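Chemist: I would like the atomic coordinates for the input below:
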Amino acid sequence: MSCEAARERLLEADLAELQGLGDGELARHLRSCARCRAQGRVILDQYAALEHALERQVPALDPADPRWQPRVLPRPARRWTVMIPLALAAGLAVLVVARRGRPALEPGGPPSSVALAVWDNPGLDVQGPPGRTVAVFQTDNPDIVVIWSF
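Modeler: Below you'll find the predicted structure:
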């Protein structure tokens, strides 16, 4: 291994390899090259200084200490996240109940300004309000049909 390649691997090497221990290519190079071994020694010294500084931390952090446990505070409920779906469901329920009491087509057929839509279901006749267009969407469930008036 060249000195240039060894210097590139010094920052990523294990501590044992930096000490020249093991049979790795970097460890063998550090045992034979004093210049690269000195650079490895600087990294080892800095690591030891950091480890010593962390050990002297006062107070020592104990992860089991209840003061360091995360506190879960209840989030206030946002009213709009509940109210909007409820209002939509109530409006849909009113439309469904109001539609059940009326016949699909009034006697005499639909007026010319009302759109009539029938798709893939010959028994389904939909009459929209005057001046509006009606779209009927079939779903995978034969009991559910989406009717859109626009």
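Chemist: rounded mean pLDDT for stretch 26-44, please.
Modeler: Regarding stretch 26-44, the rounded mean pLDDT is 90.
Chemist: could you do stretch 49-62 as well?
Modeler: In this model, stretch 49-62 carries a mean pLDDT of 79.
Chemist: which SSE is Val146 in?
Modeler: Using DSSP states H and E, Val146 sits within strand 145-149.
Chemist: oh, that last question was meant for Ala135, not what I typed.
Modeler: strand 134-138.
Chemist: which stretches in this protein count as helices?
Modeler: 3-10, 15-18, 25-32, 34-55, 79-100 (DSSP state H).
Chemist: show the contacting residues for the closest residue in space to Cys33 that isn't next to it in sequence.
Modeler: Spatial nearest neighbour of Cys33, chain neighbours left out: Cys3 (6.3 Å); criterion: Cβ to Cβ, 6 or more residues apart in numbering. Where you see a C-beta, it was placed from the backbone N, CA and C, and this is true even at glycine. Cys3 is in contact with 29, 33, 35-36, counting by Cβ atoms under 8 Å, 6 or more residues apart in numbering.
Chemist: returning to that earlier point: what lines up beside the strand holding Val146 in the sheet?
Modeler: strand 134-138 (antiparallel) (DSSP bridges).
Chemist: could you list the low-confidence segments of the chain?
Modeler: The chain contains residues with pLDDT under 70 at 58-61, 72-80, 98-126, 150.
Chemist: one more time with 50, if that's ok
Modeler: Within the chain, the stretches with pLDDT under 50 are 110-120.
Chemist: where do the domain boundaries of the protein fall?
Modeler: 3-55, 111-150 (automatic domain parsing).
Chemist: okay then, goodbye and thanks.
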